[in-house]
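Asker: Below are the sequence and a predicted model for it; my questions follow.
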Amino acid sequence: MGFETQDVERKVLAILKVLSDSKETLGARVIARRLTDHGIELGERAVRYHLKLMDERGLTQLMGSRDGRMLTEQGIEEVRSALVKDKVGFAISRIEKLAFRTNFNPQNRTGSVPVNISLFPKAQFSEALEAMRPAFTKGLCVSHLVAMAQEGEKLGELIVPQNKVGLATVCSIVVNGTLLKAGIPIDSKFGGILQIRDHRPLRFVELIHYAGSSLDPSEVFIKAGMTSVTEVAKKGEGKILANFREIPALCRPTAEEVVTKLKEAGLGGLLIMGNLSEPVCEIPVELNKIGIILLGGLNPAAAAEEAGIEAENHAMSTVMEYQNLIKFSEL
């Protein structure tokens, strides 16, 4: 495969990803604008040219009289089967993108925060809420603030499908984004399964490094049935979703101040902030760095899965306005 062919395929894959992220038909102008999020600068005319080629390959189809496109079944399968080399590191790129888009201001409590979105079967949503309640009550989540949408309604940038109810939960990337805005560099290492014993964090028993993963670790662990969030909420023993980060040791005072302000706004997630270059939950920390463990935002969804209620989870999905969130207890 020559360089030109590889370049064309990369652009086609990027267009397919943009279309797969949307529940609505998209025209060349909107696609060109959204491609910039994937680091691809492609004009509207060039996008239209690629769309025509993709129509001929059966990857996309024209909807209506305008240039709005949707993926065909073949196009959906192509996205799923995209070259692994194009997917490796996808998780870390999503973290960086959402952290940059987070502009929450803890002082006046305005701005956007990153969220995960879980889609539950409409008939089981009440049951799911009860299953998730202990996780929220015991603080095994980033925030008690959530958002809900019925079928056909928008949740962030996602339209809730038919016979589903969408629930947005705050993602731990809110810490990344807020620290970033405070001038603190934060290195996202991995997502993992954290063992809890006697209500205290003990050690990571499983982990997936973001930089080498094409999937979000939390989604993988939930589907694999590797959590016991409900047991932790009830007995203080079990396994939960957690994330590991590192920050420069010199930034600790500022980081503590930022975390305190987030907590006052109902946005937490910090489980442990370690000491200079010392291991945290048996994870080694780089020289002159401090290890940080954050709670996984999808722990409530994991609790629902443990109760036999399957959900379609979209970790690190999008951002939402803080003022549009409500307390879980109000649902």
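Answerer: Structure's in. What do you need? Numbers count the residues shown, from 1 in each chain.
Asker: Okay, domains of the chain per the record?
Answerer: 3-86, 88-331 (automatic domain parsing).
Asker: can you give me the strands for the stretch 1-150 of the chain?
Answerer: In the stretch 1-150 of the chain, the strands defined using DSSP state E, counting those that start in this stretch lie at 60-62, 69-71, 112-121, 145-149.
Asker: in the first one, what's buried?
Answerer: Just to be clear, that refers to strand 60-62. Across strand 60-62, burial judged by 16 or more other CB atoms under 10 Å covers residue 60. Every C-beta, even on glycine, is put in place using the N, C-alpha and C of the backbone.
Asker: So which residues make contact with that strand?
Answerer: For strand 60-62, the external contacting residues (CB atoms under 8 Å, 6 or more residues apart in numbering) are 16, 19, 51, 54, 55, 68, 69, 70, 71, 72, 75.
Asker: For residue 42, give its distance to residue 78.
Answerer: 18 Å (CB to CB, to the nearest Å).
Asker: er, residue 285 actually
Answerer: 41 Å.
Asker: Same question for residue 183.
Answerer: According to CB to CB, residue 183 stands 41 Å off from residue 78.
Asker: what's the burial count for residue 7?
Answerer: When neighbours are defined as other CB atoms under 10 Å, residue 7 has 10 of them.
Asker: and if you look at residue 276?
Answerer: 13.
Asker: gap between it and residue 261?
Answerer: 23 Å.
Asker: repeat for residue 323
Answerer: Taking CB to CB, one finds residue 323 at 17 Å from residue 261.
Asker: Pick out whichever of those two has more residues nearby.
Answerer: Counting neighbours by other CB under 10 Å for residue 323 and for residue 261 shows that residue 261 has the greater number, 17 against 10.
Asker: Tell me who's in contact with the more buried one.
Answerer: Residues near residue 261 by CB under 8 Å, 6+ apart: 106, 107.
Asker: any idea how far residue 107 is from it?
Answerer: Distance check for residue 261 against residue 107: by CB to CB, it reads 7 Å.
Asker: what do you get for residue 243?
Answerer: Taken as CB to CB, the spacing of residue 243 relative to residue 107 amounts to 25 Å.
Asker: Which one's more surrounded, these two?
Answerer: Neighbours per residue, other CB under 10 Å: of residue 243 and residue 107, the larger number sits with residue 243, 29 against 8.
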